[in-house]
Every structure is written in C-alpha cells, then in structure tokens.
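Q: Attaching a predicted model along with its sequence, questions to come.
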Amino acid sequence: MTSSRMLACLAAFALAAPLAAVDLKELNHRARGSVVLLKNLDAGGQPVSEGTGFIIPGGYILTNHHVVEGASRMQAVLPDKSVLELPGVLAQDADHDLAILKAPAHHLQPLPLVRPGPTEPGERVVVLGNPLGFASTLSDGIVSAYRENGIDEDPDFIKGPLLQITAPISEGSSGSPVMNLNGEVVGVAVAFYDGGQSLNFAVPASSVRRLLARVNPQRLERKFGTIAGLPTSPETLRNLGISGLIFAGIFVAFRLMRN
C-alpha cells in the first residue's frame, strides 16, 4: 500500500469514527422525551419501587410486568417533571414480563417498534432509562446473542426468547427501551446476570407486538387504586425481590431488576 493510499484510508477512518457519537447524540435527543420514570406506590401513596417505561404507538406506556406487579397506584414522571396518575393496565403478560399501561392525554411522541424480523448478534443498540434513579441515562453496546428459549439455567424465568446485550443496565432500568441506531425499539430491558460481565437481557419486540395486539383501549385488565388480594407494603415487595434481591428458585445468580 502506498503512503498516499494509506493516508487516504486513515483520513476516511478519522472522518467516519466521530459519526457514531453524533448519531448517538441525535438519537438521545429524539428519544429521551418518550421515556418516563415509573413510580410504584402503596395504598398510602408511599413509594415502593421505581422503574422505566416508554411511549409506544397508541399513546400507551410499555414497561415490564414486574415493575407494576402488586401496585396499588402507579405514576409516570415525564421528562418535564410533570406527573401522570395512571389508571391501570391495558394488557399484561407475566410469562414474558411485559405490561402495557393506559395513560391520560399527554404530548409525548411514541417510539416506533422495529419491523418484524430477527435482530442479529452484532447489531449496535442503545438503552435509555433510569438506572438507580439516574434519569435519562444513555448506554450503548451490541446484541451479543439471541436466545430463542430464554435462559437455559432458569427456563421458568421468561417463557420465550430473549436478546442478550452488552449495553449496561442496572436496577431501575427495568422497562427501558432497547433501540437500534435508527431509533426503533428492538427490545425491553428486563434483567441482568449478577456477578457476570456485560450479561444483560431484553424481551424482544416480537413479544411486544403480540401483547399489543391484545389491547382494547376501552377495557382495563387491571385498575390501579384497588388490589386484588395482593399485599403491597414495601416490606412484602422487598421479599418478592422488588428491591433487587436474588430471585428465589433459580439455579444461578440471575437477578431481576426490580427497582
């Protein structure tokens, strides 16, 4: 390779390298207004746990089922710090750890779901959520594996496929959108492997589509404000693992993000 050709290649690389950072800035700017902080409250209005949700087509809020499990009340804190009182759950799927919440009228734009089809290992992804309460945190990585049957060591955890990703997530990231660089949602952050390195998991968009097909905007599957035989004291929810304790019954130290 001649020196002039080598310099041309290096120049091309130097010009290409910063583009990813610019893309991430633009993606963060476009998407952060669609992501909300979810607060799980007990009957007395005291906070029990927090998670993340985001707006999907229809104006609904999508999150993990475990974020709203046992909730007496749910609130969504918008990016401008205004608060929406959420009336209830439109559709829920405990097996795939997903829930779609009804929301009052708001100005937030929905995030598009990726078109049907597999998300391949190696694809770059970003996660935008509220880990440990740090609002609007952006992290990036790649899809490191597509696990059709979930986690082999714990087949009862998620009854269906999972995306394994390297983008960092923590407690409080539950329900965060996992997006490709086009800003399309490829999955929903759900869990991380405690004690591992860059072993994080998301429920793929295909599972979201199936749940979305069940939504009837005029009917709630569960209303907030009443509890059907489920205790919602902070102590009880902590015992269920909401505060990030190790999930009972699993074979490996695989921990749900329950905050």
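A: Yes, it's here. Numbers count the residues shown, from 1 in each chain.

Q: Give the residue spans of the stretch 1-150 of the chain that score low on pLDDT.
A: For the stretch 1-150 of the chain, applying pLDDT under 70 flags the ranges 1-22.

Q: Which stretches in it count as strands?
A: 35-41, 47-56, 60-63, 73-77, 83-86, 88-93, 98-102, 124-129, 137-147 (DSSP state E, counting those that start in this stretch).

Q: got the ones you listed as CSV, with distance to P110 and mean neighbour count columns?
A: Using the backbone N, CA and C atoms, a C-beta is placed for each residue, glycine as well. CSV is the format used below for the strands of the stretch 1-150 of the chain (distance: least, CB to CB, whole Å; neighbours: other CB atoms under 10 Å):
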stretch, distance to P110, mean neighbour count
strand 35-41, 11, 24
strand 47-56, 5, 24
strand 60-63, 8, 26
strand 73-77, 14, 21
strand 83-86, 15, 17
strand 88-93, 14, 20
strand 98-102, 12, 26
strand 124-129, 14, 23
strand 137-147, 19, 18
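
Q: Rebuild those as CSV, extending it with distance to A202.
A: Below are these laid out as CSV (distance: least, CB to CB, whole Å):
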stretch, distance to A202
strand 35-41, 15
strand 47-56, 12
strand 60-63, 12
strand 73-77, 21
strand 83-86, 23
strand 88-93, 15
strand 98-102, 11
strand 124-129, 8
strand 137-147, 9
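
Q: closest to L108 out of these?
A: strand 47-56 (4.7 Å; CB to CB).

Q: Parallel or antiparallel, list what pairs with that closest one.
A: Next to strand 47-56 in the sheet, as set by DSSP bridges, lie strand 35-41 (antiparallel), strand 60-63 (antiparallel).

Q: can you redo those as JSON lines with distance to R219?
A: What follows is those, written out as JSON lines (distance: least, CB to CB, whole Å):
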{"stretch": "strand 35-41", "distance to R219": "21"}
{"stretch": "strand 60-63", "distance to R219": "13"}
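
Q: what sits against the closest residue to E221 other than its chain neighbours?
A: Nearest residue to E221 in three dimensions, chain neighbours excluded: V89, at 5.1 Å (CB to CB, 6 or more residues apart in numbering). Counting by CB atoms under 8 Å, 6 or more residues apart in numbering, V89 touches V68, A99, I100, L101, K102, L220, E221, R222, F224.

Q: measure V89 to L211 for me?
A: Plainly put, V89 is 11 Å away from L211 if you go by CB to CB, to the nearest Å.

Q: go on, R73?
A: 22 Å.

Q: export stretch 44-62 as PDB, just CAs?
A: The C-alpha trace of stretch 44-62 is given here as PDB (Å, rounded to 0.1, in the frame of the first residue of the first chain):
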ATOM      1  CA  GLY A  44     -50.900   5.200  51.300                       C
ATOM      2  CA  GLY A  45     -49.100   6.900  48.500                       C
ATOM      3  CA  GLN A  46     -45.600   5.900  49.700                       C
ATOM      4  CA  PRO A  47     -43.100   4.900  47.100                       C
ATOM      5  CA  VAL A  48     -42.400   1.200  46.900                       C
ATOM      6  CA  SER A  49     -40.200   0.900  43.800                       C
ATOM      7  CA  GLU A  50     -39.300   2.600  40.600                       C
ATOM      8  CA  GLY A  51     -38.700   1.600  37.000                       C
ATOM      9  CA  THR A  52     -38.800   2.800  33.500                       C
ATOM     10  CA  GLY A  53     -41.400   3.000  30.800                       C
ATOM     11  CA  PHE A  54     -41.700   4.500  27.300                       C
ATOM     12  CA  ILE A  55     -44.400   5.600  25.000                       C
ATOM     13  CA  ILE A  56     -45.500   3.300  22.200                       C
ATOM     14  CA  PRO A  57     -47.900   3.700  19.300                       C
ATOM     15  CA  GLY A  58     -51.400   4.500  20.600                       C
ATOM     16  CA  GLY A  59     -50.000   6.700  23.400                       C
ATOM     17  CA  TYR A  60     -49.700   3.800  25.800                       C
ATOM     18  CA  ILE A  61     -46.800   3.200  28.200                       C
ATOM     19  CA  LEU A  62     -44.800   0.000  27.900                       C
END
